[in-house]
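> no FASTA, just this:
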């Protein structure tokens, strides 16, 4: 039996469900960069290198790994995403061949490379800057990553 009380309850349910629709849209709009991302870099010798990042997002925190030209994974640290602004660091230990000053003598040493990535997420692209320090030198360059289709 349809009464005024039932009618009010039905109208209340309709209004309540309509009020929830914008909240669902906001939740769907929240960025989530979990997945595999790829970009290209050029070595000092001019060689093209594909970089692969596997990242997992938990709220505003990012964790994962980055694989470079040596095929070794390096952990992604200090990773955050806030208001579509992405940032993280990657630290690698690389081999460096140096001359000791004696002719025909070379020494193999290791050096730490720290790269800090910052960028703006837009759809399936992160575009920004990377800054690196290596063997007492530093530099920066543009950086664009695309989300890989999985």
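Looks like it arrived, so ask away. All values reported here derive from a predicted model rather than from experimental measurement.
> Can you identify each of the helices in the chain by residue range?
Remark: helices assigned in the chain by DSSP state H are 4-29.
> For stretch 77-90, give the mean pLDDT please.
Mean pLDDT, stretch 77-90: 97.
> Buried residues, it. List them.
Going by neighbour count (16 or more other CB atoms under 10 Å), the buried part of stretch 77-90 is 79, 81, 86, 88, 89, 90. Backbone N, C-alpha and C define where each C-beta goes, glycine included.
> so how far is it off the chain centroid?
6 Å (CA atoms, centre = their mean, to the nearest Å).
> now do stretch 45-56
Distance, stretch centre to chain centre, for stretch 45-56: 12 Å (CA atoms, centre = their mean).
> swap in stretch 60-75?
10 Å.
> and what of stretch 135-149?
The answer for stretch 135-149 is 11 Å, by CA atoms, centre = their mean.
> and if you look at stretch 46-57?
That offset, for stretch 46-57, works out to 10 Å (CA atoms, centre = their mean).
> any idea of the mean pLDDT in it?
93.
> hmm, back to that, looking at the buried residues of stretch 77-90, point me to the pair that's furthest apart.
81 and 90 (15.8 Å; CB to CB).
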